[in-house]
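>>> output the structure for:
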Amino acid sequence: MRGDQFFTQVATRPPFTKLHPKVAGFLKEYLAGEKVTPFHDRFVVNTQFPPFPSPAFDRLVENFGVIGEAAMGRLYSVTLAVTNRCPFACWHCYNAGRKQDDLTLQVLEGLAGSYF
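Prediction:
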């Protein structure tokens with residue numbers, strides 16, 4: 001599915017309906033360049049977006065609505081590749097066609113211990 005088709009589907013439901021029109025316009029333009037892929041019972045936009053539908057996707061969109069509000073400053077996104085194995089073959093992915101080793105459990109535990 002093209003990203004503009006995806007936006008048309010999600011734009012009519014919260015939290016998209018609560019966004020400022022300029023923020024919604026930005027997301028519409030951003031998503032227009034994406035290829036949205038069905039995966040099980042959800043849709044994957046890219047590696048920066050949680051799958052849709054999900055509470056994490058809704059929170060991401062809600063946080064777009066408060067960008068620029070100093071009092072609402074917060075972490076926007078964290079990406080942790082537990083594995084580099086991926087069922088997609090996205091042309092834009094830095095990892096496409098490369099063999100990568102997975103992070104060890106010890107490394108993951110060390111990362112989690114550093115932040116939590």
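>>> all strands of the chain, in order?
With strands called from DSSP state E, the chain shows them at 37-39, 42-44.
>>> pull out the buried positions in the last one.
So the one you mean is strand 42-44. For strand 42-44, the neighbour count (16 or more other Cβ atoms under 10 Å) marks 43, 44 as buried. C-beta here means a position set from N, CA and C on the backbone, and glycine is covered the same way.
>>> please apply the same query to stretch 80-100.
So, applying 16+ other Cβ under 10 Å, stretch 80-100 has no buried residues.
>>> again with stretch 32-41
By neighbour count on 16+ other Cβ under 10 Å, the buried set for stretch 32-41 is 34, 36, 37.
>>> over to stretch 59-67?
In stretch 59-67, counting by 16+ other Cβ under 10 Å, buried: 60, 61, 64, 65.
>>> what's the closest of those residues to residue 83?
Comparing the buried residues of stretch 59-67 against residue 83 with Cβ to Cβ places residue 60 closest, at 21.8 Å.
>>> circling back to that earlier point, which one of the strands of the chain lies nearest to residue 107?
strand 42-44 (25.2 Å).
>>> just checking, what packs against the closest one?
strand 37-39 (3 or more Cβ pairs under 8 Å, 6 or more residues apart in numbering; DSSP states H and E).
>>> direction included, what does the strand it packs on pair against?
Partners of strand 37-39 in the sheet, by DSSP bridges, are strand 42-44 (antiparallel).
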